[in-house]
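Trainee: let me see the structure of the following:
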Amino acid sequence: MSGHSKWATTKHRKAAVDQARAKSFAKLIRLLEVAAREGGSDLTSNANLRSMFEKARSASVPMDTIERAIKRGSGELEGVRYEQVNYEGYAPGGVAIIVETLTDNRNRTGAEVRNVFSRSGGSMAEPGAVSWQFERKAVIELPRTLDEDKVMEVAMEAGAEDLSDDGEHWVVTAAPTDLGAVRAGLEAAGMTVESAEPAMVASTTVPVTEVGEARQVLRLLEALDDHDDVQNVWSNFDMPDEVMAAAGE
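Mentor: As a prediction, the model looks like this:
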């Protein structure tokens, strides 16, 4: 598994699932507020808000919760003002990490993210030290049951750059500004889009083949992902499935 995709963890116990679901809702609500504040509350003209709206609906966020978040973001309702702050760092083994946050207190969030890195054997880096190893792309995932040639044909006609196979999905990549157009083209052709969002895609990867080191990397990523202010964690590890499985035991 390559770590250029967003880090995510699966919770198996019900209490953990419920907690993760609530945390996911809170993060999506922040994204909706920021998108509405930056581009207005009109889903038609605000492509980023439309993308966040669809993501929230896919995650089963209640419609009234979504509407209130959009109104807070657009100023129709009072609310906390969040700003996006990104942090960069390294996990053990030199794995590069980008942490995207939405916060109402950058000093608090910065100190807490730094603490997570240090407690987990990683280290923070100066701005720009890591980000040059990534490119922002639109990433769209579709079921592998779809015909590869057909997906390729439709995606390229809609403006996509590439099609790859991650073992579970067809992964279409495009320029960030083409996310809406490519998604619309795929859906117009009757294809099910399982996810569609901007992503930081690594241009180079770092192999992690030792179980002890893999365990450290995964623990750091999970600890970062669990932080309330963290929206996305991107990394460039390349870890064999068997090593990941052993590290998770």
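
Trainee: would you map the strands across this structure?
Mentor: Taking DSSP state E, the strands of the chain run over residues 83-91, 95-103, 123-125, 134-143, 162-165, 169-174, 195-202, 206-207, 230-235, 237-238.

Trainee: next, format the ones you listed as a markdown table and append mean pLDDT, distance to residue 155 and mean neighbour count.
Mentor: Where C-beta positions appear, they are placed from N, C-alpha and C, glycine not excepted. Below are these laid out as a markdown table (pLDDT from 0 to 100; distance: least, Cβ to Cβ, whole Å; neighbours: other Cβ atoms under 10 Å):
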| stretch | mean pLDDT | distance to residue 155 | mean neighbour count |
| --- | --- | --- | --- |
| strand 83-91 | 94 | 29 | 19 |
| strand 95-103 | 94 | 26 | 23 |
| strand 123-125 | 96 | 35 | 16 |
| strand 134-143 | 93 | 8 | 20 |
| strand 162-165 | 92 | 6 | 13 |
| strand 169-174 | 93 | 5 | 22 |
| strand 195-202 | 88 | 12 | 20 |
| strand 206-207 | 93 | 29 | 16 |
| strand 230-235 | 91 | 23 | 24 |
| strand 237-238 | 90 | 25 | 22 |
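
Trainee: leaving out sequence neighbours, find the closest residue to residue 152.
Mentor: Closest residue to residue 152 apart from its sequence neighbours, by Cβ to Cβ, 6 or more residues apart in numbering: residue 163 at 4.9 Å.

Trainee: residue 57 now?
Mentor: Setting aside the residues directly before and after it, residue 57 is nearest to residue 66 in space (Cβ to Cβ, 6+ apart), at 7.2 Å.

Trainee: okay, now that neighbour: neighbour count?
Mentor: 18 (other Cβ atoms under 10 Å).

Trainee: surely it meets residue 54?
Mentor: No: contact criterion Cβ atoms under 8 Å: residue 66 and residue 54 do not qualify, at 10.4 Å.

Trainee: sorry, back to before: I'd like the strands of the chain laid out as CSV, including distance to residue 31.
Mentor: Shown next, in CSV, are the strands of the chain (distance: least, Cβ to Cβ, whole Å):
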stretch, distance to residue 31
strand 83-91, 10
strand 95-103, 7
strand 123-125, 24
strand 134-143, 16
strand 162-165, 26
strand 169-174, 20
strand 195-202, 10
strand 206-207, 28
strand 230-235, 7
strand 237-238, 25
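
Trainee: select, out of these, the one closest to residue 215.
Mentor: For residue 215, the closest of those is strand 83-91, at 11.0 Å, according to Cβ to Cβ.

Trainee: neighbouring contacts of that closest one?
Mentor: With contact meaning Cβ atoms under 8 Å, 6 or more residues apart in numbering, strand 83-91 is reached by 34, 96-104, 106, 109-110, 113-114, 117, 120-131, 216-217, 220-221, 235, 237.

Trainee: that strand to strand 95-103, inter-axis angle?
Mentor: Computed by axes from the mean of the first three to the mean of the last three Cα atoms, to 10 degrees, the angle separating strand 83-91 from strand 95-103 equals 160 degrees.
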